[in-house]
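Fold the following, please.
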Amino acid sequence: MGIVPLVTEIICTFVVAASILYRYGDWFRHHVIVTLSVLVAWYFSFLIIFILPLDVTSTAYRQCIQEASSELTTVNPDDTLLNTTNITVPTLAENLTIGNSSQCKPPWSYVPEHVLPQLWRVLYWTCQFLTWLVLPLMQSYTKAGDFTVKGKLKSALINNAIYYGSYLVIAIILLIYLATKPGFEFDWQKLKAIAASASNTWGLFWLVLLLGYGLVDIPRSIWRSASPGPLLTRLYFKAAKLHAEKSEAEENLEDYLEALQVALDRVPPSDPLRRSVETISDKVPLEWRERMRRKSANTSQLTQTDLNEKSFVRLHRQVIRALQRQHRTETQWYNLVDRIILLEDVHRNIGSHERYFKPSFDHDRSGWQAWLHSPVFEWYWKCFFRRYFCQGLAMALALVSILVVWSELTFFNADPALSLFAIFVRMAKEHYDYLAIELLSIATIAYMCVCAYSTVLKIRVLNLYYLAPHHQTDEYSLIFSGMLLCRLTPPMCLNFLGLIHMDSHIIKARLMETYYTQIMGHMDVLPIISDGFNIYFPMAILGLCLATYFSLGSRLLSFIGFQQFVDNDNDITADMADDGRELIKREKRRRQRAENNELRRRHAEVSSGASRADRQRETGGLLVKRESSRTELFSTSDSGGASHEDDRYDQLFMQANRRIADDVPTTATYSSTAPSSSGARSGYFRTGGALPPARNFFDDV
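Numbers count the residues shown, from 1 in each chain. Down below sits the predicted model:
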């Protein structure tokens, strides 16, 4: 008891945050300051989610003690008649202790009262410092095209000054509006409350948009993943759109690299600007650098007047953005191809009577991974059990989404309580089931966070950001994810406290506040929109959920010309799905050729090693026989037949030596041109080596 559960949660949360960051980020390639800042942002945001249930149970226990104390301090009429006024404070405290111990049970994870306030202050102000100052500067710093640290910081400050200047204008307008209201006086406490209300208004506005989409999309996506057939058509459509975006990103990058090649050709090594041009060139991957050298540059892109530092700063910034976009589309493309190939394998193996999973491409696994991915086990999981598991999970999450929407619609009504989460928490309080309160709180907040954060990564307007596993996420997206967690987690937790009726400003009742609301404020909004907020806030969430369920947004975008996949089949959707299917077939053929070339290379190495050993043994036998022939030649007087046989062995010996000499450079050359099979993604897009020449003319078709 005591501090042990809190310390355990702090350590486990750090392990979870570090593991997730290791999966998505690249600790060895990204800057250490970026990695540490994102780790702190994720870690502190996760701590808020996992420690808030401890605050809820601690507040419930303190509320129970307060209620018991109020009952014990009620004056008895008999005592009044007897005029018993000689009750001392220690006697009353002793009675309270006895009464509390018999009525209120402390939670198993009870935290001392002085710990949580200090912890919330550290978490809150660190998150605010990261999300409003450090991370935005780092995000602008990564996009800056200057060639010095001072120049990058200057560009980052200018960009953020423009960004925060708009917020300052809005704040000034708000203060002018409040100043015109009669009876309003400015003081520090009111300004602090207005700032907290503005932050909550911003967070709640985004929560309405994100939760309204995510609460419907998450269960529906899991339900669709249970049936690979219909899902494949949707993914083929997505593949066609993503491939077009990938091609556009590559063409855009080629244009900037062409201008970079012109700059490399025109700027001499003695020019001071040569170092800036080489800095831009070093940012380009080796594969694109080789492609840039092979392609003839268009000299009209850069004139002599463009060869200055300002133009190179702009070119550097454009190359950085083009590389980020190209890397994002390429990563998303290969992840989508992997998913489609897996679904095609599942769809093909479902009807197999052998109950033996046969993938399109073999994967080298060893140890427990080989046992876990055995063909029989894979078939039963991917082709049989996974479908029912996804359907059951989708129905459970859909039920949770319905509970969240209903509670959002009714949590402003305090008496009678209609919010289901408030009813569950109240029943758990009556039975002192603090573990149920903590599990319910963690599960609900975590699910709401997943719904909100996954929605951001799916918005087409914000397609600059992505989270890709296998260390494929860039620094820009990681910084954005840290900013998003720090900004949305506090208002989301305030919203949850409103759902369970533990925010006095929501239910308009006197109750004991959590330490979280004491430090971070309440779920208040700006006075301009406070009237009727309890009406349009729930209705907005319900309206967005219904719009998402009926795909009104996709239908509207498709109607105005932005092609989207809708349930009703049309010619354009079918054509794009067919194009995506052909693109996947082409990608599978390319991977199959790469796999065959790798197998031929390994077979050639093994066969060349075996043939070399056989030829060495053959040469050794010839040497032995040749020496014996010479011995016989000198020991006998008849030398005619022996000399003829000796000449034949000399010829065979020379031929064997020539074969061995010819085989060694051939094997070395072939091995050097073969692609490396190491890498996080089987080397099909991360390796820079060239593939061996095709053995068949149709391999290049």
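
CA only for contacts and neighbour counts going forward, please
OK.

residues contacting residue 144?
Residues counted as contacts of residue 144 (CA atoms under 8 Å, 6 or more residues apart in numbering) are 152, 155-156, 317.

do the same with residue 492
Applying CA under 8 Å, 6+ apart, the residues near residue 492 are 203-204, 207, 445, 448-449.

between the contacts of residue 144, which is closest to residue 20?
residue 156 (28.0 Å; CA to CA).

Remind me which helix or strand the residue lying closest to the closest one once chain neighbours are set aside belongs to.
Nearest residue to residue 156 in three dimensions, chain neighbours excluded: residue 140, at 4.8 Å (CA to CA, 6 or more residues apart in numbering). With secondary structure defined by DSSP states H and E, residue 140 is part of helix 135-143.

pLDDT averaged over that helix - what is it?
Helix 135-143 carries an average pLDDT of 90.

Just list what that helix packs against, helices and strands only.
With contacts taken as 3 or more CA pairs under 8 Å, 6 or more residues apart in numbering; DSSP states H and E, helix 135-143 sits against helix 149-180, helix 309-349, helix 475-499.

right, and residue 359 touches residue 343 too?
No: applying CA atoms under 8 Å as the test, residue 359 and residue 343 come out as separate, 10.2 Å apart.

Between those two, point out the one with more neighbours.
residue 343 (20 against 16; other CA atoms under 10 Å).

Can you tell me how far residue 312 is from residue 251?
Going from residue 312 to residue 251 by CA to CA, to the nearest Å gives 20 Å.

between these two, which one's more packed in?
Each of residue 312 and residue 251 has its neighbours counted (other CA under 10 Å); residue 312 has more, 21 against 14.

hang on, isn't that one packed against residue 275?
No: between residue 312 and residue 275 there is no contact under CA under 8 Å: 10.8 Å.

Domains in this protein, by residue range?
Domain assignment for the chain, taken from automatic domain parsing, gives 4-223+382-559, 229-381, 588-700.

right, and those domains - which one's nearest residue 579?
Closest among the domains of the chain, once you apply CA to CA, is domain 229-381, at 6.0 Å.

what's the neighbour count on residue 294?
9.

show me what contacts it?
Counting by CA under 8 Å, 6+ apart, residue 294 has no contacts.

mind running it again at 10 Å?
Applying CA atoms under 10 Å, 6 or more residues apart in numbering to residue 294 gives the contacts residue 288.

next one: phi and psi at it?
As for residue 294, its main-chain torsions (degrees, to the nearest 10) stand at phi -70, psi -30.

Check it and give its pLDDT.
Looking at residue 294, its pLDDT is 79.

For residue 288, see how far away it is.
Residue 294 is 10 Å from residue 288, where distance means CA to CA.

hey, what's in contact with both of these two?
With CA under 10 Å, 6+ apart as the test, residue 294 and residue 288 reach no residue in common.

How is the closest residue to residue 314 other than its chain neighbours assigned, secondary-structure-wise?
Closest residue to residue 314 apart from its sequence neighbours, by CA to CA, 6+ apart: residue 145 at 6.2 Å. The local conformation at residue 145, judged by DSSP: H, G, I helix; E, B strand; the rest coil, is coil.

re earlier: what sits up against the helix holding residue 140?
So helix 135-143 is in contact with 33-34, 37-38, 41, 129-131, 144, 149, 151-160, 163, 316-321, 324, 475-483, going by CA under 10 Å, 6+ apart.

Apply the buried test to those and list what passes.
34, 37-38, 41, 130-131, 144, 152-157, 159-160, 316-321, 324, 475-483 (16 or more other CA atoms under 10 Å).

for the stretch 51-200 of the chain, which spans come out with low pLDDT?
Low-confidence segments of the stretch 51-200 of the chain (pLDDT under 70): 71-102, 184.

now do the stretch 551-700 of the chain
Scanning the stretch 551-700 of the chain for pLDDT under 70 picks out 567-569, 610-700.

what does the stretch 251-400 of the chain give?
Those would be 296-305, 366-367, if you go by pLDDT under 70 across the stretch 251-400 of the chain.

Could you say which helix or strand holds residue 351?
Going by DSSP H and E, residue 351 is not in any helix or strand.

Correct me if wrong: it contacts residue 383.
Yes: using CA atoms under 10 Å, residue 351 is in contact with residue 383, at 8.7 Å.

Looking at these two now, which is surrounded by more residues?
Using other CA under 10 Å as the criterion, residue 351 and residue 383 rank with residue 383 on top: 25 against 10.

so what sits against both of residue 359 and residue 343?
Taking CA under 10 Å, 6+ apart as the contact rule, residue 359 and residue 343 both touch residue 349.

looking at the domains of the chain, which is closest to residue 581?
Nearest of the domains of the chain (CA to CA): domain 229-381, 5.5 Å.

For the closest one, what is the distance to the chain centroid?
Centroid displacement of domain 229-381 relative to its chain, using CA atoms, centre = their mean, to the nearest Å, is 18 Å.

distance between the ends of that domain?
Separation of the first and last residues of domain 229-381 by CA to CA is 17 Å.

Contact partners for residue 390?
Contacts of residue 390 (CA under 10 Å, 6+ apart): 219, 221-227, 396.

Swap in 8 Å and give it another go.
222-223, 225-226.

Keep only those of these that are in helices.
222-223, 225 (DSSP state H).

and which of these is nearest to residue 104?
The closest of these, once distances to residue 104 are taken by CA to CA, is residue 222, at 42.5 Å.

List the residues that contact the closest one.
390-391, 393-394.

sorry, back to before: Serialize the domains of the chain to JSON lines and add fields for distance to residue 578.
JSON lines is the format used below for the domains of the chain (distance: least, CA to CA, whole Å):
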{"stretch": "domain 4-223+382-559", "distance to residue 578": "18"}
{"stretch": "domain 229-381", "distance to residue 578": "7"}
{"stretch": "domain 588-700", "distance to residue 578": "15"}
